[in-house]
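The following block contains a protein sequence and its predicted model.
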Amino acid sequence: MKRKKYTFLIIISLVLFILLAAGCNGAGDSNANSSGTNDSNSGPPAGVVDAGSGTIPGSQTPDPSVDWDILNDKAESFINHMVKNEYENAVNMFDNDMAQVLDSPSLSELWEAIEEHAGAFVSFHNIINLVVEEYFICDITSKHADTGVTLRIVFDKDHMIAGFFIMDYPVI
């Protein structure tokens with residue numbers, strides 16, 4: 001049973017990665033860096049801006065119109081819905097594409113697999129914000145009973161969740 005949950009977790013993560021990758025490939029030149037020049041040997045990947053610490057060398061300053069407080073609160077709310085077993089409320093935060101890929105029962109199984117591996121949710125530990133093309137990313141590391149979990153929650157321009165990934169299980 002444990003193996004089945006981990007297999008399901010891996011499959012869902014891959015599907016979500018493919019969905020996000022397909023959405024991100026539609027904008028811009030893949031060889032252009034964030035300053036608009038074609039230089040594949042320097043700077044961050046095209047369109048990547050680290051909003052948490054200012055900028056990555058060679059990138060543009062983050063758009064000051066992005067309200068990270070709102071996005072971070074939405075990301076925490078999404079996780080809190082899962083902690084409280086309110087999966088339908090969590091799924092209601094998805095954009096149309098995500099809602100077709102990950103329904104409430106599947107999200108429930110995914111969260112149960114996370115908690116089986118990391119233990120029960122304890123608290124939020126850290127949030128890192130990134131901008132990739134037209135997507136806003138909140139990487140949230142949370143403390144659980146057995147280990148930490150870093151989840152990537154990707155928002156579209158309408159502040160709907162367009163991607164959800166398990167990034168890491170760090171020791172906190």
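Looks like it came in fine. Residues are numbered from 1 along each chain as shown.

ranges for the helices of the chain?
Listed from the start of the chain, the chain has helices (DSSP state H) covering 2-24, 68-83, 87-91, 96-101, 104-118.

Just name the shakiest helix or strand of the protein by mean pLDDT.
Across the helices and strands of the chain, mean confidence by mean pLDDT, DSSP states H and E is lowest for strand 48-50: a mean of 41.

which other helices and strands contact the biggest strand by length in the chain?
Among the elements of the chain assigned as strand by DSSP state E, the one spanning the most residues is strand 121-132. Contacting strand 121-132 under the criterion 3 or more CB pairs under 8 Å, 6 or more residues apart in numbering; DSSP states H and E are the following elements: strand 48-50, helix 68-83, strand 135-144. From N, CA and C alone the C-beta is placed, and that goes for glycine too.

and these, which is most packed in?
When those are scored by mean count of other CB atoms under 10 Å, the highest mean neighbour count falls to strand 135-144 (a mean of 21).

tell me the angle of that one relative to helix 104-118?
Orientation check (axes from the mean of the first three to the mean of the last three CA atoms, to 10 degrees): strand 135-144 against helix 104-118 gives 50 degrees.

Quick one: mean pLDDT for strand 135-144?
With pLDDT averaged residue by residue, strand 135-144 scores 96.

for stretch 154-161, same thing?
Within the predicted structure, the mean pLDDT of stretch 154-161 is 96.

Helix 104-118 and the longest strand of the chain, what's the angle between them?
110 degrees.

how about strand 121-132: buried residues?
Within strand 121-132, the residues that qualify as buried by neighbour count (16 or more other CB atoms under 10 Å) are 121, 127, 129-132.

Likewise for stretch 158-172?
Buried positions in stretch 158-172, judged by neighbour count with 16+ other CB under 10 Å: 160-166, 169, 172.

got a list of contacts for it?
Contact partners of stretch 158-172, identified using CB atoms under 8 Å, 6 or more residues apart in numbering, comprise 9, 13, 16-17, 19-20, 23, 70-71, 74, 78, 93-95, 97-98, 102, 114, 117-118, 125, 135-136, 139, 141, 143, 147-156.
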